[in-house]
Structure formats: structure tokens, C-alpha cells
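Undergrad: Provided below for reference: sequence and predicted model.
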Amino acid sequence: KNEVEQSPQNLTAQEGEFITINCSYSVGISALHWLQQHPGGGIVSLFMLSSGKKKHGRLIATINIQEKHSSLHITASHPRDSAVYICAVRAQKLVFGQGTRLTINP
Amino acid sequence: NAGVTQTPKFQVLKTGQSMTLQCAQDMNHNSMYWYRQDPGMGLRLIYYSASEGTTDKGEVPNGYNVSRLNKREFSLRLESAAPSQTSVYFCASSEAAGGRGSYGYTFGSGTRLTVV
């Protein structure tokens, strides 16, 4: 079993929909990262959080340390949000999930 | 623009050839990393350098060597390339080890390597 599990693996939605991507992990962590990988391959760090909730524009990330679970939400989704979203947890090392491929259709 | 610069972006090697992937960051970060990304798998750490002058193995170090030339530069060398090393390679940096710091990790744009 992977230490970091993301769901869903693939998600297709219509423009404007509210998107939720989930990340569950099985190890004790000191922080969790959400990353975005563009279709061209570049990786951008979206959030780093160790508790509670963070918001940046239309993106919101939450984490529940007790439940070992984090969610990434996108409000008013747009085709430019189409990307692979990767969850990574910092334990003794950084462990990455396999990513969620999000496609937003116009 | 400030960030992590990787070269080359694409490379095709024959089995047994050697090459060095270059990485430089201009954010005064202490820690640097090399990852590989393969289809269906998460990013996997090859080597990292927590600070200038130190390097350590990650999950998948076999077949690779690294050099932390100075605070800015961290290179990855394949001494004798194998088809199993066909992958996309990412360099990353952070203010401190483990992604600590205000902005977590900053990634380079990747190197797509094919070994035939």
C-alpha cells in the first residue's frame, strides 16, 4: 500500500464546477505539500500546510492531521486549471502521491 | 526570472553513454534535490543535498552520482546509461531540508531523457 494515496486518479468536469481532490496518508508527517504539474511538465508548488486551511485565489487546501487526510478544492473551475495535482507529505523524507489528472472542459 | 534552471530539456543517449544533467538555483536555497518521474509512479528522490558540501542518497540512487558544486549548483551524472533510466528528471530546491521555508519546493522545468 502506498504511503500517500490520492483520489480520484482522473477527474473530468465542466467549467465552473467545484472540484475536490483528496489525499490520504499513512505516516506521521510534519507538513503536506500540494503541487501542480502543467501539461508541459513544469511543477509548481501550490501550498504547504501543517494544520488547518490555506486559500490562494480560487484554490483552497485543508488538512486534518488526526484523520491523516487533506483536500484540495478549486472553486469556479476553468480550463486553465487542467493539470496534474500532486500531494506530497513530509515525513522522514518527502513522499509523493501518484497525482490526480484534472481536465476542465469549456 | 528567479528559480531553478535545468539543462538540457531533452536528451537521447545510447546505452552505456554518460552524461551530466545540470541544475542551478538563484534563490539562495540551502537544499537541492534530484527526482525522477516515471509513468504511473510518483516522483522518486534520487539524491539530495541538504546543504552545500553534503549529499545523500534518496530512494533510487543506483546508477547515478551527484555533485554539489557550490550553493547554487547541483549536478546529476549518469556514468553508464541504461534503458531503465529513461525518465523525466526534475531538480528542485528549498530554503532548508525537507522543503522547509516560506515557499516549500521550487522545481525546474524537467529533463526528458531517453536511453536507447
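TA: Ah, there it is. Numbers count the residues shown, from 1 in each chain, chains lettered A, B, ... in the order given.
Undergrad: could you find the closest non-adjacent residue to the residue in chain A positioned nearest to chain B?
TA: Among all residues of chain A, residue A:96 sits closest to chain B, at 3.4 Å; criterion: Cβ to the nearest Cβ. In this view, the C-beta of every residue, glycine as well, is placed from N, C-alpha and C. Nearest in space to residue A:96, with sequence neighbours left out and distances taken as Cβ to Cβ, 6 or more residues apart in numbering or on different chains, is residue B:42 at 3.4 Å.
Undergrad: could you report the neighbour count for that neighbour?
TA: Neighbour count for residue B:42, taken as other Cβ atoms under 10 Å in any protein chain shown: 20.
Undergrad: helix, strand or coil for it?
TA: coil (DSSP: H, G, I helix; E, B strand; the rest coil).
Undergrad: ok, now residue A:80?
TA: Secondary structure state of residue A:80, per three-state DSSP, is helix.
Undergrad: so residue B:89 is in which element?
TA: Residue B:89 belongs to strand B:87-96 when elements are defined using DSSP states H and E.
Undergrad: now find how far off-centre stretch A:39-57 is within its chain.
TA: In terms of Cα atoms, centre = their mean, to the nearest Å, the centre of stretch A:39-57 is found 7 Å from the chain centre.
Undergrad: quick one: that stretch near chain B?
TA: Yes - taking Cβ under 8 Å from any Cβ of the partner chain as the criterion, stretch A:39-57 and chain B are in contact, through A:40, A:41, A:42, A:43, A:44, A:45, A:47, A:48.
Undergrad: distance between the ends of that stretch?
TA: Distances were taken as Cα to Cα, to the nearest Å; on that basis the terminal residues of stretch A:39-57 are 21 Å apart.
Undergrad: in PyMOL, select just the buried ones from the residues of stretch A:39-57 next to chain B.
TA: Buried residues within the residues of stretch A:39-57 next to chain B, by 16 or more other Cβ atoms under 10 Å in any protein chain shown, are selected in PyMOL with:
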select buried, chain A and resi 41+43+45+47+48
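Undergrad: could the residues of stretch A:39-57 next to chain B be laid out in a markdown table, adding secondary structure and pLDDT?
TA: Written out in a markdown table, the entries for those read as follows (DSSP: H, G, I helix; E, B strand; the rest coil; pLDDT from 0 to 100):
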| residue | secondary structure | pLDDT |
| --- | --- | --- |
| A:40 | coil | 78 |
| A:41 | coil | 79 |
| A:42 | coil | 87 |
| A:43 | strand | 91 |
| A:44 | strand | 90 |
| A:45 | strand | 89 |
| A:47 | strand | 91 |
| A:48 | strand | 90 |
